[in-house]
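> Prediction below, plus the sequence it came from.
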Amino acid sequence: MTTAVHRVVSKSRTSFYYAMSVLPREQREAMHAVYAFCRAVDDIVDEPFDSAPSLAQGEAAARERLQRWRREVAACYGEGIPTDPIAQALAPVVQRCAIPRRYLDELINGMEMDLEQHRYRTFEELSVYCWRVASVVGLMAIRIFGFKHAQTEQFAERLGLALQLTNILRDLGPDAERGRVYLPSEDLERFGYREEELLQHRRTPAFEALMRFECDRARDQFAQAATLFMSEEGRTLYPALIMGAIYRRILGRIEQSHYDVFAKRIAVPRCEQVALAMRVLWRSRWGRRERLAECLR
């Protein structure tokens, strides 16, 4: 692992860290390179623009940094030589694992959407964003883990959508502070909850009804992913299930808190994440693999 990748990963003690820590070294380092790439482009649009004279100039600088990453991605696929240390670590991974360039380009497109689109009218619009920033990561991951069946790509896409929807629900407060509202406006209108109330972090009966609906939607995405999962893939795809299990637990915690996502960031304690990871790993190796996907329900 390069120094740059190690620096990014060592700062992370997220569910990704615990899910990937159980991988064999080569796969673990490959996933670390992908994670570092994702983190690098994500930080570009999430970092505050305090140092810029204006918001417009800050966004222009962010676009230029994303464009530089497009050039680094092109270099990873033979159009030049990568210069960024993270790209240098990523280049052999995408070649060895036959990761399509389109996935990396689409991830950058998704990050760019955060500069261009701060509201979503429908769930269909939001799904495009979720596919770009989450599902494509899953599609890259299964190529590192190894998979046999075409249906597994659908599993990765659906699980990515479930994870991102959970992220959106958990991070309503911080996202609102950045001026971003990911919940579809048609949903807010349906439950009579005004955007102004969300920006003010107001929990009302309408908000709870809205959140109940959104949590049900996320839970349904987890259930669909579980249905698409093929048990014979369990020996290689267990890290994806670990991620899913942890995020499914986060979703449950959101519901148990009565949707109190504004007061503090809802999380799963590290010891519990480790326990979930060990449970999935044990079942993938010695348990009943046909029950592996139960952790997503």
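Arrived safely. Since we're looking at a predicted model, the values are computed, not measured.

> Identify each buried residue in stretch 69-82, please.
Across stretch 69-82, burial judged by 16 or more other C-beta atoms under 10 Å covers Trp69, Glu72, Val73, Ala74, Ala75, Cys76, Tyr77, Pro82. Placement of C-beta: from N, CA and C, glycine included.

> Sorry, slip of the keys, the one I care about is stretch 194-209.
For stretch 194-209, by 16+ other C-beta under 10 Å, it's Leu198, Ala206, Phe207.

> ditto for stretch 21-38
22-23, 27-38.

> So for that stretch, mean pLDDT?
For stretch 21-38, mean pLDDT rounds to 90.

> And for that stretch, what's in contact with it?
1, 4-6, 8-9, 12, 16, 20, 86-87, 89-90, 93, 96-97, 104, 107, 137, 140-141, 144-145, 238-239, 242, 277, 281 (C-beta atoms under 8 Å, 6 or more residues apart in numbering).

> For it, output the C-alpha coordinates as CSV.
In CSV, the C-alpha atoms belonging to stretch 21-38 read as follows (Å, rounded to 0.1, in the frame of the first residue of the first chain):
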residue,chain,number,x,y,z
SER,A,21,-10.1,-5.8,7.0
VAL,A,22,-11.2,-9.4,6.7
LEU,A,23,-10.0,-9.6,3.0
PRO,A,24,-6.8,-11.3,1.9
ARG,A,25,-4.0,-8.8,1.6
GLU,A,26,-4.0,-8.3,-2.2
GLN,A,27,-7.8,-7.8,-2.3
ARG,A,28,-7.7,-5.6,0.8
GLU,A,29,-5.0,-3.3,-0.7
ALA,A,30,-7.0,-3.1,-4.0
MET,A,31,-10.1,-2.0,-2.1
HIS,A,32,-8.0,0.5,-0.2
ALA,A,33,-6.9,2.0,-3.4
VAL,A,34,-10.5,2.3,-4.6
TYR,A,35,-11.6,3.7,-1.3
ALA,A,36,-8.8,6.3,-1.4
PHE,A,37,-9.9,7.3,-4.9
CYS,A,38,-13.5,7.6,-3.8
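
> among the buried residues of stretch 194-209, which are in helices?
Judged by DSSP state H, helices contain the following of the buried residues of stretch 194-209: Leu198, Ala206, Phe207.

> And for the second one, nearest residue in space, chain neighbours not counted?
Pointing back at Ala206 there. Tyr193 (4.2 Å; C-beta to C-beta, 6 or more residues apart in numbering).

> That neighbour: neighbour count?
Tyr193: 21 surrounding residues under other C-beta atoms under 10 Å.

> Name the SS class of it, please.
Following DSSP: H, G, I helix; E, B strand; the rest coil, Tyr193 is assigned to coil.

> Between all of the buried residues of stretch 69-82, which two are at the greatest distance?
Trp69 and Tyr77 (13.2 Å; C-beta to C-beta).

> From the ones in helices among the buried residues of stretch 194-209, pick the one nearest Glu189.
The closest of these, once distances to Glu189 are taken by C-beta to C-beta, is Ala206, at 10.6 Å.

> Quick check: the gap between the closest one and Gly173.
17 Å (C-beta to C-beta, to the nearest Å).

> And Thr204, by the same measure?
Per C-beta to C-beta, Thr204 is found 15 Å from Gly173.
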